[in-house]
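Peer 1: Here's a sequence, model it:
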Amino acid sequence: MASAQVFRPSRDWKGQTVGQLDDYLIGTVTGVVMGGPSVQPVRNFPGTVSTEGQIGIPFDQESEVVVQQHDRLLIGSTLYAVVSDRLWTDVNVLTGSQPSYYWVEIRSTT
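Peer 2: Numbers count the residues shown, from 1 in each chain. Here you go, the predicted model:
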């Protein structure tokens, strides 16, 4: 399991990040599960690959950070963009249990 630094950058009217990413660190989430990013070449950009996948984040966080769409996650040395809202947060209809993790879709171009 990994930990991820969570950045929530402000944007201007064009959607561009204002300032430096380091200015927007809101905390760290721990116990992150990498859900199998799929590495694929980016068309028309030789030597560049796109990684898309999902990560699971435990609901119980000491930092109380809740990852949201448009956040940036730094895991290891790779920066990921969160491109979805939280997924699978509802109580299981068969067991009645609350899930331990919520999942978000991520993307990174390296």
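
Peer 1: Can you name the residues bridging to Val82?
Peer 2: Per DSSP bridges, the residues bridged to Val82 are Ile106.

Peer 1: burial count for it?
Peer 2: Neighbours of Val82 under the rule other C-beta atoms under 10 Å: 20. (Each C-beta comes from the backbone N, C-alpha and C, glycine too.)

Peer 1: Contacts only, for it.
Peer 2: Val82 makes contact with 67-73, 104-106 under the criterion C-beta atoms under 8 Å, 6 or more residues apart in numbering.

Peer 1: Go again with 6 Å.
Peer 2: When contacts are counted by C-beta atoms under 6 Å, 6 or more residues apart in numbering, Val82 touches 67, 69, 71, 104, 106.

Peer 1: Now render these as TSV, adding secondary structure, distance to Lys14 and pLDDT.
Peer 2: Converted to TSV, these look like this (DSSP: H, G, I helix; E, B strand; the rest coil; distance: C-beta to C-beta, whole Å; pLDDT from 0 to 100):
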residue	secondary structure	distance to Lys14	pLDDT
Val67	coil	24	94
Gln69	coil	19	92
Asp71	coil	19	93
Val104	strand	25	90
Ile106	strand	23	89
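
Peer 1: farthest-separated two in the residues you listed?
Peer 2: Checked with C-beta to C-beta, those reach their widest spread between Gln69 and Ile106, with 10.6 Å between them.

Peer 1: Settle it for me: which of those two has more neighbours?
Peer 2: Under the criterion of other C-beta under 10 Å, the comparison of Gln69 against Ile106 puts Ile106 first, with 26 against 12.

Peer 1: Good, we can wrap up now.
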